[in-house]
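>>> one predicted model, sequence on top.
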Amino acid sequence: MALPKRKISKSRRDKRRTHQKIDAPTTVTCPECGEAMLPHHACPSCGSYKGRTATETEKD
C-alpha cells in the first residue's frame, strides 16, 4: 500500500476543500402572497403555481 512521502500541510489540504461547501437554497417570492418559496415549486402557503391554484391549502 502506498504511503505519502511528506505530510500535507493544513493550508494545502484546505485549499483542496474550498469548493466543498454547502450553499443556502435559492428562494423567490410568490407573486400571489409574497411569501418565500423554492423556484419551480408550488407555494407552500397559498398553493399557487404559475398563476393557478395547484394545491388546496387550509385557510384559518
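Here it is on my side, so go on.

>>> all contacts plus neighbour counts: C-alpha atoms, from now on.
OK.

>>> low-confidence stretches in this protein?
When residues are selected by pLDDT under 70, those of the chain lie in 59-60.

>>> can you list the residue ranges for strands in it?
According to DSSP state E, the chain carries its strands in the segments 28-29, 36-37, 48-49, 52-53.

>>> show me the contacts for the residue nearest the centre of the chain.
Compute the mean C-alpha point of the chain, and by Cα atoms, centre = their mean the closest residue is Pro25, 2.0 Å away. Residues counted as contacts of Pro25 (Cα atoms under 8 Å, 6 or more residues apart in numbering) are Leu38.

>>> now swap in Cys30 and tell me
36-37, 43.

>>> could you pull out the helices for this structure?
10-16 (DSSP state H).

>>> pretty sure Gly51 contacts Cys33?
No: using Cα atoms under 8 Å, Gly51 makes no contact with Cys33, being 11.0 Å away.

>>> what's the burial count for Leu3?
Residues lying near Leu3 (other Cα atoms under 10 Å) number 5.

>>> actually Ser48, sorry about that
As a measure of burial, Ser48 has 20 neighbours, counting by other Cα under 10 Å.

>>> how far away is it from Asp23?
To Asp23, Ser48 is 26 Å away according to Cα to Cα, to the nearest Å.

>>> likewise for Ser45?
Plainly put, Ser45 is 24 Å away from Asp23 if you go by Cα to Cα.

>>> look at these two and report which has more neighbours.
Ser45 (18 against 6).
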